[in-house]
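>>> Output the structure for:
(chains A, B and C)
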Amino acid sequence: MMTVIGIILTLILSVLFPGIIAITKAKVSGRKPPFILQPLFDILRLFRKTTIYSTTTSFIFQLAPLVYFASVVIALLFIPFFGDTGVFSFEGDFVFFAYLLAFGKFFMIIGAMDTGSSFEGMGANREAFYSLLVEPAYFLLMGSLALLSNYISFAGLFSALHFNTDLAYLVIPVSVYVFLFITMIENSRMPVDDPKTHLELTMVHEVMVLDNSAFDLALIHIAGWLKFVIYGTLIANFLINGQESTLIKSLEFVGINILFAVLIGVVESFRARNKLAKNPQWIIMLSALAIIVFITTLIITSKLILN
Amino acid sequence: MDYFFILILAATLVLFALFERVKKFIFLISFQGILLFGIALINLLHIDTLELVLILLETIVVKSIIIPVFLRKLMIQNQLKRVHEVNVPVFYSIIFTSFFILGSFLLSSFLQLPNINSRIFSIGFASIIFGIYFITIHKNIFSHLIGYLIIENGIFLFSVGVGSQMPLLIGLAILLDILIGVLIIGIFVNKVKDRFQSIDIAQLSQLKD
Amino acid sequence: MLLYYFIFSLLISLSILFFKKKKLSNSLIIVFLLGQIAITLFAYQHIDQTDSAFFKFDALGILFTMVLSVLSIASFYYSRFYLDYKDSSIKNESYYYSLLTLFIVAMTAANFAQNMAILWVFVETTTLFVAGLVYFDRSKIAIEASWKYLFIGSIGIAIAFIGILFISVVDIKNGVMALNFDELIQHTKQLNPLWVKISFLFILTGFSVKLSSVPLFPASIDAKTVAPGPVNALMSTALINVGFIAVFRFFVVFSHTDSFLWVRNVILIAAISSLIFSAIQLFKVKRYTRLYAFSSMEHVSLVLLGLYTGGIAYYAAILHLVFHSFIKAGLFYQITGIKQTYHSVWFKDSGNYFRIRPIDALVVLLGLILITAIPPSGLFFTELTIFKGLFLSNNIFIAILSLLLLTVIIYIIAKKIMHLLYGAQPKTYKETTNTSNRYAFIPVLILFALTIFIGIHPPHFISELINSSIVLLK
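Take a look at the predicted model:
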């Protein structure tokens, strides 16, 4: 029951998400905000166009957006919704989840390489590198949470996450912080990549999809929105684990996701993008913080006994 | 509760490796002073007013007010470059730092040292190792001073971890000694800058035969 | 009593600094030196008594303070020539005198410190004063040397503090913090062997800046390269003695623990590696100050070898330091003369000293004979004793290795000084008419004569002081 409500809410939110970010950015910079569904209209327009493939590309280029979209949609089914399990749930599913997304990303990367464009190769290179760097942070964090809750599936992990010790007050904020920026990196947003940049040399994600058009491009965009909401839901799971009624939980869920979108908008308005050369060190810093979370959980679970 | 301060202190070490600006170093030094106060206060065996005053003097007044203000003055006087170059890329420094932290926690858990508070021992150990590392990777003497201060903070943690409560007079003497040492090192940073027009350590290599 | 001595010296130092009057400074220095002699005699009168809560007039402290007092008189005497040669302003002069006074006070205090933390405080204080004195020259290399000394010295001392903390862990459960050496000796049974081992490593590392032995010797060598001659004379003698006293006090404590063998092995490694380093570095040196500094390092490593050997070699090691202090100080006082003649301390700028200044050259030659431990030098007897101890305790390999290294070192030192005395006159040499210090060699001769005299016929009080300072060793 919860799962169905959750998925419906997720789908609705994913449509609103880019709109909310756009509105926030417009408000902060004093412009007239666009209509909230404007991104959706853009996508619908893309659907009406005909897809054009370059003659230098092979079937991989045509396959890549589909695989990417499919991987994100399946990943969505793994997400637990406030205490309830996801559609699929088994032990170690968070590892599967991570590699499912990585699989989709891998296809996007080889699709971009397939075009033979030097810009796209560069973008693919960066995207692969950042994903590689962010992986230790993700697994250290999830591993710590698994250690803390004694479960190795998403649902169990979040259901057993309680503020039962003092140190949990340290674990959860730092985890949320790290997760927030994992989201930003995985979705190629502000501190590492600026979606609004106009120079191909400094792009990361945007440059990879230069050759995609119409239907393919629309799929890629939708997958991007879904990914946002997936991570938003995971963050919401950190924060919601009470015994309230479904309605309140749903409201909390929607609220946190909207807050998340607004936060992204605000961060993107005020923060300049990192220098490209500084990105790796910034991303690895998240892993270092995750190691501190890991040490904390070792202490909480008395694996590390310090008198 | 002291775990809270200890782990935040560990996070400041990571930030020391990440940041490259003098201003942020000074901020972190000041912040560490406050954290040290928290750790010392929790671990004092029996608090009496005089000892509280000494701890307060040592951490808040000296470590997080006087020294940072002095460093700031140095920074402005010498028009230090905002960004300080390092020998080792920051990326690797962060990896090393996290291994220092993880390693020192595992080490102190493994050793199970008697007579010492091993939580504080572990972070103190990490601070000292990191301070030495910080000195070796930085190319200018102002950053070396910062590294020295990190080591001093680590040693302060050790002295709390050992549970040492020095007689008041000796505690004051040690505090005064360290403070004057830091001030004189700072003055020498000024002199080097005046004389060599730079605070790069590469300048200081004329003595070799 | 020491407390009054501190206040008295601090007042003198401050008034030298503030009034900046030449006559006043000179008379205040004489007053200070009288005070220094008085505190030495007072300490000798009150041997083994606690003073000012944290200090104790023990035998080793008294012996080294006697050496220090003798050398500080000579140092102030030679400072006059040095400052005249430098033609420094009255402002710089008062800065120099005031720091030198405080430096001597800090060393005296460190000699008598009975409390580990107080010992630490005063050793750290000497670092600060030495840095100020090395900076006196204000040249680029002076800044470099003083920065390195200050920075590495501070870090080293910080490391030594960790060692002190670890050793003070003993008995903390009972609420007693055993910071006094005497108390600590009674509690050695409770010491955890692991802590003992780690803390000795830290302590040796930390004080090696003062001792100028491995591992942190480069800072002290650099500082000695550029320091003013009279300051240098104290740095490579009295300050080394302070470093030795610091290590020795812990050594005495550790001799009562089960880890003593380990501690001795660490000392052996430090000694042998110092000897090797100094032998290698001596091939590269190009300055007389540096030559003498590395020669000090060599003698320190012999002293450490004595500590390793034990038995009669303890006695020899301490006596060795006394002799070395007098001889090395004499050689460093002569440096000012060399500087006045050649305006440089580089080998390439020197030569033919025997023709230019025959008497000074004769003194340098005598110094060379003494420092290389050729009889009648007192060092001959001490080195003989140390090596005898090594052979008798079945350390034949170590003894042969160190003797070989010693041969190399003596060869290099002799070669360089022979170059100074008999080498070709350098082209850069210009005749000067500065003869203001015609009698400057006399105090050096007195020091040398003292060495020979004590070596041949050690006065009763010296052997008694040494014997009572090693009586606690096991």
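>>> So, low pLDDT: which residues of the stretch 151-300 of chain C?
With pLDDT under 70 as the threshold, the stretch 151-300 of chain C has low-confidence stretches at C:170-178.
>>> Write out the residues of it neighbouring chain B.
When proximity is defined by Cβ under 8 Å from any Cβ of the partner chain, the stretch 151-300 of chain C lies next to chain B at C:151, C:154-155, C:158, C:161-162, C:165-166, C:168-170, C:172-173, C:177, C:179, C:192, C:194-195, C:222, C:225-226, C:281, C:284-287, C:290. Every C-beta, even on glycine, is put in place using the N, C-alpha and C of the backbone.
>>> Restricted to buried residues, select those residues in ChimeraX.
To isolate the buried subset of those in ChimeraX, counting by 16 or more other Cβ atoms under 10 Å in any protein chain shown, use the following:
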select /C:151,154,155,158,161,162,165,166,168,169,170,172,177,179,192,195,222,225,226,281,285,287,290
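>>> Only C-alpha atoms, please: export the lowest-mean-pLDDT helix or strand in chain B in PDB.
Between all helices and strands in chain B, the lowest mean by mean pLDDT, DSSP states H and E belongs to helix B:49-56, at a mean of 82. Once non-C-alpha atoms are left out, helix B:49-56 reads as follows in PDB (Å, rounded to 0.1, in the frame of the first residue of the first chain):
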ATOM      1  CA  THR B  49      37.900  26.400  39.900                       C
ATOM      2  CA  LEU B  50      41.600  27.000  39.400                       C
ATOM      3  CA  GLU B  51      41.900  24.100  37.000                       C
ATOM      4  CA  LEU B  52      38.900  25.200  35.100                       C
ATOM      5  CA  VAL B  53      40.400  28.600  34.700                       C
ATOM      6  CA  LEU B  54      43.700  27.100  33.500                       C
ATOM      7  CA  ILE B  55      41.900  24.900  30.900                       C
ATOM      8  CA  LEU B  56      39.800  27.900  29.800                       C
END
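>>> After it, which helix or strand is next?
helix B:67-77 (DSSP states H and E).
>>> List the contacts of that following helix.
Contact partners of helix B:67-77, identified using Cβ atoms under 8 Å, 6 or more residues apart in numbering or on different chains, comprise B:22-23, B:25-27, B:29-30, B:33, B:80, B:142, B:145-146, B:149, B:179, B:182-183, B:186, B:189-190.
>>> So which of those residues sit within helices?
For the contacts of helix B:67-77, membership in helices holds for B:22-23, B:25-27, B:29-30, B:33, B:142, B:145-146, B:149, B:179, B:182-183, B:186, B:189-190, with DSSP state H as the criterion.
>>> Quick one: the helices in the stretch 151-300 of chain A, in order.
For the stretch 151-300 of chain A, the helices defined by DSSP state H, counting those that start in this stretch occupy A:154-159, A:168-186, A:214-239, A:246-270, A:279-300.
>>> who's in contact with residue C:188?
With the criterion set at Cβ under 8 Å, 6+ apart, residue C:188 makes contact with C:253-254, C:256-257.
>>> And those residues, which is closest to chain B?
residue C:257 (15.4 Å; Cβ to the nearest Cβ).
>>> quick check, that closest one in a helix?
No. Under DSSP: H, G, I helix; E, B strand; the rest coil, residue C:257 sits outside any helix and is assigned coil.
>>> Please tell me how far it sits from residue C:246.
Plainly put, residue C:257 is 18 Å away from residue C:246 if you go by Cβ to Cβ, to the nearest Å.
>>> Comparing the two, which shows the higher neighbour count?
Shown here are residue C:257 and residue C:246; by other Cβ atoms under 10 Å in any protein chain shown, residue C:246 has more neighbours (25 against 22).
>>> which residue packs closest to that one, ignoring adjacent ones?
residue C:207 (4.6 Å; Cβ to Cβ, 6 or more residues apart in numbering or on different chains).
>>> In the chain, which helix is the longest?
Reading this off chain A. Chain A, longest helix under DSSP H: helix A:118-149.
>>> wait, chain C
The residue-count maximum for a helix in chain C (DSSP H) belongs to helix C:312-342.
>>> counting contacts, what elements does the helix or strand following it pack onto?
Toward the C-terminus, helix C:312-342 is succeeded by helix C:353-356 as the next helix or strand (DSSP H and E). Helix C:353-356 is packed against helix C:312-342, helix C:358-371, helix C:396-422, with contacts defined by 3 or more Cβ pairs under 8 Å, 6 or more residues apart in numbering or on different chains; DSSP states H and E.
>>> Quick check: the residue of the stretch 1-150 of chain A nearest chain C.
When Cβ to the nearest Cβ is the measure, the stretch 1-150 of chain A has its nearest residue to chain C at residue A:147, with 30.4 Å between them.
>>> Verify the contact between that residue and residue A:297 for me.
Yes. Counting by Cβ atoms under 8 Å, residue A:147 does reach residue A:297; the two are 5.0 Å apart.
>>> Give me the more crowded residue out of those two.
Relative neighbour count places residue A:297 above the other of residue A:147 and residue A:297, with 24 against 16, counting by other Cβ under 10 Å.
>>> That concludes my questions; thank you for your assistance.
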